[in-house]
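Q: would you be able to build a 3D model of this:
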Amino acid sequence: MTKPPEWQIRCPWCNASPGQRCTSPRGRRLAVESHDARITAHTVQTARQTGASQ
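A: Model prediction:
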């Protein structure tokens, strides 16, 4: 199974470590692989890195 690219960073919502799946506040696995906050943070980080290299 290939891990989603947003798993490269820590989740700002649930603090899931890089490489780990996001969890609910009670520590249970989510029906989705990542919180929206993690996806957004990864998108912003990737955009900054891409913009900085140009």
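Q: what values do phi and psi take at residue 15?
A: Per-residue torsions, residue 15: phi 70, psi 20 (degrees, to the nearest 10).
Q: sorry, wrong one. I was asking about residue 44.
A: Residue 44 adopts backbone torsions of phi -60, psi -50, taken as degrees, to the nearest 10.
Q: from residue 27, how far off is it?
A: Note on residue 44: its distance to residue 27, by CB to CB, to the nearest Å, is 26 Å. In short, each C-beta sits where N, CA and C put it, glycine included.
Q: comparing the two, which residue is more hemmed in?
A: Of the pair residue 44 and residue 27, residue 44 is the one with more neighbours under other CB atoms under 10 Å, namely 11 against 7.
Q: low-confidence stretches in the protein?
A: 52-54 (pLDDT under 70).
Q: and the strands in it, which stretches?
A: Using DSSP state E, no strands are found in the chain.
Q: with just CA atoms, put stretch 4-19 into CSV.
A: Presented in CSV, the C-alpha positions along stretch 4-19 are these (Å, rounded to 0.1, in the frame of the first residue of the first chain):
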residue,chain,number,x,y,z
PRO,A,4,-0.5,9.4,0.9
PRO,A,5,2.0,12.2,0.3
GLU,A,6,0.6,14.3,3.1
TRP,A,7,1.9,11.6,5.6
GLN,A,8,5.3,13.1,5.1
ILE,A,9,4.5,15.7,7.7
ARG,A,10,3.0,15.7,11.2
CYS,A,11,-0.7,16.4,11.4
PRO,A,12,-1.4,19.8,12.9
TRP,A,13,-4.8,18.6,14.1
CYS,A,14,-4.2,15.3,15.8
ASN,A,15,-0.3,15.3,16.0
ALA,A,16,0.0,12.1,14.1
SER,A,17,3.7,11.6,13.4
PRO,A,18,5.0,11.6,9.8
GLY,A,19,4.3,8.3,8.2
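Q: which residues sit against that stretch?
A: Contacts to stretch 4-19, defined as CB atoms under 8 Å, 6 or more residues apart in numbering, come from residues 3, 20-25, 33-35, 37-39, 41-43, 45-46.
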